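J.: what's the 3D shape of this:
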Amino acid sequence: DTLYEAQASTDGFATVNASSRTLGTTAGFLGLGSNATHYLRARAFNHDNAATAFAAASATSTLAPAPASADPLVWASSVTARWGANGNSPATLYEARISTDAFATFNASSRTLNAHAAFEGLTGNTSYDFQARALGNDGSYTAYVNLPSTTTLVMAPRQTATPFADVSAASVTVNWADGGNGTGTWHTARISTYNFTTINFSSTTRNFSILFGSGGAGQALAPNSIYSFQVGAVGTSGSSAFVDLGSTFTLANSPLLTSFVSISSISARLDWLPNNNPEPGTDYELWTDFAPSFDAPTIVSVSSSAYLAEGLSPITTYYFKVRAKNKAGTPSSFDAPVSTTTWPPPPGQAGIPVGAPLGVSSISWTWGAASYARGYKVYPAGSTATAIGAPPTNSFIQMYLETNTSYGIMVAGTNESGQGTLSDAA
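T.: Below is the predicted model of the structure:
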């Protein structure tokens with residue numbers, strides 16, 4: 001029987017990877033590299049163990065096994081799918097693909113000589129499936145291998161150009177934009193008055209806005225107060241960092257019950273209720289005009305809920321209305337206007353009284369009228385300790401006097417501003 005020797009090589013027989021001697025006309029080689037080209041040749045030996053030349057070499061490729069599964073590397077907008085070579089040669093070409101619907105369709109595919117493929121531009125907080133297969137040197141593909149599915153990390157929300165809407169004295173609507181996450185991503189928004197050293201309230205929603213305060217999440221906000229806002233996204237694999245959305249002031253409440261505390265001929269003191277606006281900390285704008293239409297008002301700014309309007313003209317009607325301004329300068333609505341007429345100035349000096357006897361025990365007195373007087377006080381000549389009369393006009397009858405006795409008086413005009421200068425004694 002003839003002895004044969006078969007050899008296998010991957011480098012054209014610069015080296016021999018395996019050899020086998022057999023009396024048959026076939027030889028098997030085990031432990032060869034997968035998906036690699038192997039060169040084969042054979043020769044025969046005679047009974048003297050002399051070898052023939054090798055027959056012309058032929059080449060063939062081992063089949064490619066399917067890749068082995070490995071865990072992916074995951075980020076918010078990309079995933080690197082990974083697999084094991086599973087014995088394939090370094091020159092093996094792989095094809096990986098990604099899907100969001102269990103490969104009813106696939107989003108993208110990638111061919112690579114590496115044992116990994118990066119898929120970028122993905123949506124945050126979204127589940128993705130992956131498969132990979134190997135391409136054999138003979139042009140045939142292995143079956144796809146299911147690689148571990150994963151969910152991308154959640155992306156932080158984005159700021160908007162107008163983060164605040166519907167700002168009132170008791171509430172604020174805060175807005176943000178999608179950071180690139182999948183539908184159904186939750187967002188946690190929170191509010192603070194102390195730059196998040198403490199948190200007043202937080203609320204979670206799938207929307208891109210939340211109303212904080214009256215009618216919304218948490219308690220009613222305080223008027224004319226600054227509030228800061230943050231928002232973060234909540235995903236399957238965790239939460240994003242919080243994003244600062246900025247700060248805003250709530251509006252000031254309209255003042256209430258404006259009223260006059262005191263009136264004089266040249267001034268009027270007003271007061272009003274701050275209506276829960278912080279004091280100090282709230283400025284008020286007081287308008288004064290001669291007409292209820294306030295066509296040409298004088299406007300002053302005050303920092304408390306009271307004001308003394310000075311430099312007014314006597315016996316003149318004035319109209320006042322007041323509103324509050326928040327720390328950003330936004331005004332509230334006006335409280336109901338109020339009006340008053342300033343008092344007249346103190347009366348001038350009355351004329352010297354002139355007396356005329358009326359019988360034996362009475363005297364009729366008259367005097368020149370004092371300017372702005374609305375009445376008079378009558379005093380005995382030389383004493384203002386006690387008035388002996390308060391006539392509304394410039395005349396007075398003094399009765400029950402001693403017979404044949406001399407009497408004299410002094411008079412002073414009176415009005416809302418007080419008593420005027422005494423007349424000279426009669």
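J.: Pull the number of nearby residues for residue 18.
T.: 17 (other Cβ atoms under 10 Å). For glycine as for every other residue, the C-beta is placed from the backbone atoms N, C-alpha and C.
J.: I meant residue 415, not that one.
T.: Neighbour tally, residue 415, other Cβ under 10 Å: 20.
J.: Excluding covalently adjacent residues, which one is nearest to it?
T.: residue 374 (4.2 Å; Cβ to Cβ, 6 or more residues apart in numbering).
J.: low-scoring stretches of the stretch 1-150 of the chain, by residue?
T.: Judged against pLDDT under 70, the stretch 1-150 of the chain has no low-scoring part.
J.: Where do the strands of it begin and end?
T.: Applying DSSP state E, counting those that start in this stretch to the stretch 1-150 of the chain gives strands spanning 3-9, 18-22, 37-45, 58-61, 68-74, 79-84, 93-99, 108-112, 116-119, 127-135, 145-151.
J.: Now distance to residue 265 too, for the ones you listed, in TSV please.
T.: What follows is these, written out as TSV (distance: least, Cβ to Cβ, whole Å):
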stretch	distance to residue 265
strand 3-9	123
strand 18-22	124
strand 37-45	117
strand 58-61	116
strand 68-74	83
strand 79-84	85
strand 93-99	88
strand 108-112	88
strand 116-119	86
strand 127-135	82
strand 145-151	80
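J.: right, and those strands - which one's nearest residue 241?
T.: Minimum separation from residue 241 across the strands of the stretch 1-150 of the chain (Cβ to Cβ) falls at strand 68-74, 17.1 Å.
J.: in the closest one, what counts as buried?
T.: 68, 72, 74 (16 or more other Cβ atoms under 10 Å).
J.: Which of those lies at the shortest distance from residue 336?
T.: Nearest to residue 336 out of those is residue 74 (Cβ to Cβ; 63.6 Å).
J.: contacting residues around the residue nearest to residue 415?
T.: Going by Cβ atoms under 8 Å, 6 or more residues apart in numbering, residue 374 touches 344, 347, 392, 413, 414, 415, 416.
J.: Likewise for residue 182?
T.: 123, 124, 125, 126.
J.: pretty sure the third one is in contact with residue 186, am I right?
T.: Read that as residue 125. No: contact status for residue 125 versus residue 186: not in contact, 9.1 Å apart, counting by Cβ atoms under 8 Å.
J.: Give the residues shared as contacts by the two.
T.: Going by Cβ under 8 Å, 6+ apart, residues that sit against residue 125 and also against residue 186 are residue 233.
J.: More neighbours: those two, which one.
T.: The neighbour comparison of residue 125 against residue 186 (other Cβ under 10 Å) goes to residue 125, with 25 against 16.
J.: excluding its backbone neighbours, what's nearest that one?
T.: residue 235 (3.7 Å).
J.: got the contact list for the one you found?
T.: Contacts of residue 235 by Cβ under 8 Å, 6+ apart are 124, 125, 151, 153, 154, 181, 185.
J.: 7 Å instead?
T.: Contacts for residue 235 (Cβ atoms under 7 Å, 6 or more residues apart in numbering) come out as 124, 125, 153, 154, 181, 185.
J.: before we move on, what about residue 352?
T.: Here residue 352 is in contact with 367, 423, 424, 426 (Cβ under 7 Å, 6+ apart).
J.: could you redo the last one with a cut-off of 6 Å?
T.: The neighbourhood of residue 352, defined by Cβ atoms under 6 Å, 6 or more residues apart in numbering, consists of 423, 424, 426.
J.: Please report the distance of it from residue 422.
T.: Counting by Cβ to Cβ, to the nearest Å, the separation of residue 352 from residue 422 is 11 Å.
J.: ok, now residue 250?
T.: 59 Å.
J.: These two: which has the busier surroundings?
T.: With neighbours defined as other Cβ under 10 Å, residue 250 and residue 422 compare such that residue 250 has more, 24 against 15.
J.: circling back to that earlier point, which two of the contacts of residue 235 have the greatest separation?
T.: Of all pairs in those, the most separated under Cβ to Cβ is 153 and 185 at 11.5 Å.
J.: and residue 333, how many residues sit next to it?
T.: 11.
J.: How about it: what's its closest non-neighbour residue?
T.: Nearest non-adjacent residue to residue 333, counting by Cβ to Cβ, 6+ apart: residue 254, 4.6 Å away.
J.: for that neighbour, helix, strand, or coil?
T.: What DSSP: H, G, I helix; E, B strand; the rest coil gives for residue 254 is coil.
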